[in-house]
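1. okay, predicted coordinates and the sequence, questions at the end:
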Amino acid sequence: MVRIRYFKGLILSDFSAPGLTWNDELKCYIGPAMKYRDVLYYFKRSNVEVNDEVLELLPFPIITEKIRLRRYQEEALGAWLRTKRGIIVIPTGGGKTVIALKAIALIKQSTLIVVPTIDLLQQWYEKVKDLLGVEAGRIGGGYDELKGITVITYDSAYTQIEKIGNKFAFVIFDEVHHLPSEGYSMIAQGSAAPYRLGLTATPERSDGRDQLYPSLVGPIVYRVAISDLAGKYLSDFTIKRIYVRLTEDEEKLYKHYRGILRNFLVNHNLELKSLEDFNRLVRLAIRDKEAREALLAWHEALKIAVNSKAKIEKLKELLKELKGEKIIIFTRNTSMAYEISKLFLIPAITYKTPKQERIEILEKFRSGKYSVIVTSSVLDEGIDVPDASIAIVLGGYGTPRQFIQRLGRILRKKENKSARLIEIISKGTSDYNLSRRRTQNATL
DNA sequence: TTGACTCAACATCCTTTGCTACAA
DNA sequence: TTGTAGGTTTCCATGTTGAGTCA
């Protein structure tokens, strides 16, 4: 007979099993709690009797479920149910939440839902009430209620997982692309939950840590692309690129800053061909004054390219042409967002916008009182943004994730509506590269 | 309870051009 | 003179969030 138990995010066992190592202090074999399912399976397969004291599950509430899934949602759920582990990839607006709620109704065991923002905490709380007929517990954003179905922020889960890691049989990671980061991955490791579901529209990470998914949650078990749903469940869409040139003054300044960078690289026999090269430059800049100047010059040049005057001129034309349409303008820098806000008298939302003001602006955008808003990257993810028909991208990162998230903002299905994403790009500059990087690698 | 503040964590951060193939 | 192996420092700036503290 082998005894296994839970202790502060770990699983403790009297006997050895794959994934466990001997610990002198605790005088037993230990491993991360996420190994629970494998360890249990290993002992059972080896015909070893187990005294299992790991889980102390919270009671599951009585629910009244009334969810009807679309066909692809059924398929996604079916794929996940085969192993009850893994990630479902569905575009924004494709209805990830209802699949997860249906899964909760089928599993019927205590469930922890991990979300990145307080906005999503509230949205999930409301959905659980609406579609399962129970009040979920909430942890984070000023709440601290532990219940059979609990919604928690990643930040709170990170600090509390040692305490609650054995109280849930099922854990759902919303926007699961956050999970592999160094700190947050501890949540998955410290949880003993045998059933795991990850949800996202954009699983790929630029740091390559998406390779950790199989061990933390399970592999991608189902994936549907935007183009698969466009026309039927999401709006049809078009993507248009408009190229502009820097003004003479901007080009002069741009070349000046790029020259500083280039001279430094040439003089020091360096290249900027990979992210590693770039990080090397960053490390150099800590001590070396010239390297620091080169890096600052790189920042300045990028700012000129991404926020060029020609883009604002083109935007002016577009706003005239698209009068009456619901438009979200996306920028890379907050300064550009505020400049446009001032110039065209458009409300701006950035991370500096107080919460109440943000709610008011979005409400007026929803009701149609505002037809155009400008934002940096706060509205990319995690906030319930009223749908628009046109997205104008003036600047952004080189990541496909941001591109797909922004596109998702205009794809909510409406009758007779075709969505349009318009990118304005400064040709012959690093802005062109950023745009190419984000669109080339995006699976649409 | 609210608001203003600080702090820690997370994310992005690289290729600027010559050539070819292909679609409009 | 040229080549190579071997560690180490989680980061120039900017944007964003949640949590905690204090008045």
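-> Perfect, thanks for sending it.
2. mind listing what's buried in the one helix or strand residue A:75 maps to?
-> Residue A:75 belongs to helix A:71-81 when elements are defined using DSSP states H and E. Neighbour-count burial for helix A:71-81, counted by 16 or more other Cβ atoms under 10 Å, picks out A:72-73, A:76-77, A:80. No exception for glycine: its C-beta is placed from N, CA and C like everyone else's.
3. between those residues, which sits nearest residue A:385?
-> Within the buried residues of helix A:71-81, proximity to residue A:385 (Cβ to Cβ) peaks at residue A:73, which comes in at 22.1 Å.
4. relative to DNA strand C, how far out is the residue nearest to that closest one when sequence neighbours are not counted?
-> Using Cβ to Cβ, 6 or more residues apart in numbering and skipping the chain neighbours, the partner closest in space to residue A:73 is residue A:99 (5.1 Å). From residue A:99 over to DNA strand C the distance is 23 Å, taken as Cβ to the nearest atom of the strand, to the nearest Å.
5. list the contacts of the helix or strand encompassing residue A:99.
-> Using DSSP H and E, the element containing residue A:99 is helix A:96-107. Contacts to helix A:96-107, defined as Cβ atoms under 8 Å, 6 or more residues apart in numbering, come from residues A:63, A:65, A:67, A:69, A:73, A:76-77, A:80-81, A:84, A:88, A:90, A:111, A:113, A:123-124, A:127-128, A:131-132, A:149, A:169-170, A:172, A:174, A:195, A:197, A:199-201.
6. helices or strands up against the following helix or strand past the helix holding residue A:75?
-> Using DSSP H and E, the helix or strand that follows helix A:71-81 in sequence is strand A:85-89. Packing partners of strand A:85-89 (3 or more Cβ pairs under 8 Å, 6 or more residues apart in numbering; DSSP states H and E): helix A:71-81, strand A:195-200, strand A:220-223.
7. please list the outside residues in contact with strand A:85-89.
-> The contact list for strand A:85-89 (Cβ under 8 Å, 6+ apart) reads A:76, A:79-80, A:96, A:99, A:176, A:195-203, A:213, A:217-224.
8. buried ones only from the residues you listed, please, as a ChimeraX command.
-> Selection of the buried residues among the contacts of strand A:85-89 in ChimeraX, burial being defined by 16+ other Cβ under 10 Å:
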select /A:76,80,96,99,176,195,196,197,198,199,200,201,202,203,213,217,218,220,221,222,224
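9. how deep is the residue of the stretch 1-150 of chain A found nearest DNA strand B tucked in, by neighbour count?
-> Distances between the stretch 1-150 of chain A and DNA strand B by Cβ to the nearest atom of the strand are smallest at residue A:142, namely 7.6 Å. Residue A:142 has 7 neighbouring residues, counting by other Cβ atoms under 10 Å.
10. name the residues that touch the host helix or strand of residue A:124?
-> Assigned by DSSP H and E, residue A:124 belongs to helix A:118-132. Applying Cβ under 8 Å, 6+ apart, the contact partners of helix A:118-132 are A:63-67, A:97-98, A:101, A:104-105, A:113, A:115, A:134-136, A:138, A:140-141, A:143, A:149, A:151-153, A:174-175, A:382-384.
11. buried subset of these, written for ChimeraX?
-> Entered in ChimeraX, the line below selects the buried ones among those, by 16+ other Cβ under 10 Å:
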select /A:63,67,97,98,101,104,105,113,115,134,136,138,140,141,143,149,151,152,153,174,175,382,383
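12. among the contacts of helix A:118-132, which ones are in strands?
-> If you go by DSSP state E, those have A:113, A:115, A:138, A:140, A:143, A:149, A:151-153, A:174 in strands.
13. and residue A:378, what does it touch?
-> A:349-351, A:353, A:358.
14. and DNA strand C, which of those residues contact it?
-> Residues of the contacts of residue A:378 in contact with DNA strand C (Cβ under 7 Å from any atom of the strand): A:350-351.
15. and the contacts of residue A:378, which of them are buried?
-> Applying 16+ other Cβ under 10 Å to the contacts of residue A:378 flags A:349-350, A:353, A:358 as buried.
16. scan chain A for its longest helix.
-> helix A:248-267 (DSSP state H).
17. briefly note if that one comes near DNA strand B.
-> Yes - contact between helix A:248-267 and DNA strand B, assessed by Cβ under 7 Å from any atom of the strand, occurs at residue A:258.
18. just the helices from the stretch 251-400 of chain A, written as ranges.
-> Using DSSP state H, counting those that start in this stretch, the helices of the stretch 251-400 of chain A run over A:275-287, A:289-306, A:309-321, A:334-344, A:355-367, A:400-408.
19. need the winner for burial among these.
-> helix A:400-408 (a mean of 22; mean count of other Cβ atoms under 10 Å).
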